[in-house]
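A.B. asks: Sequence first, then the predicted structure:
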Amino acid sequence: MIILGLDPSLSCTGWGVIRSDGSRLTHIANGQIKTSTKAPMAERLALLHSEIARVIDEHSPNRAACEEVFVNENPQSTLKLAQARGSILAACGGAELSVNEHAARLVKKAVVGTGGADKAQVAAMIKVLLPGAKVAGADAADALAVAIADAHLGNK
């Protein structure tokens with residue numbers, strides 16, 4: 001089973017692809033898609049969509065997993081996150097790829113053991129669970145964590 005994990009953000013979306021064979025996990029690829037804050041919103045969303053579509057074409061995952069949207073104190077931030085997430089999910093839908101959605105706390109608990117883990121703890125566990133993987137950055141590590149959590153939670 002090949003799983004695409006997604007950590008959506010308008011500024012830097014992380015993605016990670018793993019193979020799950022029973023309890024054995026293997027790193028395939030990961031990366032980050034950064035958009036310019038100076039670019040128009042439509043251009044930023046189109047870039048996210050096309051890059052995720054490219055990743056799907058390149059790695060042919062069996063399913064995807066994405067963090068659920070959470071509400072920030074700043075409504076504008078929540079709206080931008082929702083728009084980025086919508087663009088990413090549309091790319092998955094366009095490829096007829098099913099998407100499991102998981103709360104960030106559940107992902108952290110599945111990977112680190114506590115729902116309150118910080119980014120450094122998540123990144124450290126990624127190194128343990130996927131030895132030898134060169135992780136592109138914190139957002140890519142979070143996306144790999146989403147994929148790992150999805151592998152443990154099973155097909156929904």
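C.D. replies: Cool, got the structure. Numbers count the residues shown, from 1 in each chain.
A.B. asks: And the helices in this protein?
C.D. replies: When secondary structure is read from DSSP state H, the chain shows helices at 41-59, 75-94, 104-111, 119-129, 138-153.
A.B. asks: what does the first one rub up against?
C.D. replies: Helix 41-59 is touched from outside by 2, 4, 6, 8, 10, 13, 15, 17, 28-29, 31, 33, 35-36, 39, 64, 83-84, 86-88, 90-92, 94-95, 97, with contacts defined as C-beta atoms under 8 Å, 6 or more residues apart in numbering. For the C-beta atoms, the positions are set from N, CA and C on the backbone; glycine is no exception.
A.B. asks: Just the buried residues of these.
C.D. replies: Those of these that meet the buried threshold are 2, 4, 6, 8, 10, 13, 15, 17, 28-29, 31, 33, 35, 64, 83-84, 87-88, 91-92, 95, 97, by 16 or more other C-beta atoms under 10 Å.
A.B. asks: Narrow those to those in strands?
C.D. replies: Helix and strand membership here follows DSSP state E; of the buried ones among the contacts of helix 41-59, those in strands are 2, 4, 6, 13, 15, 17, 28, 29, 31, 33, 64.
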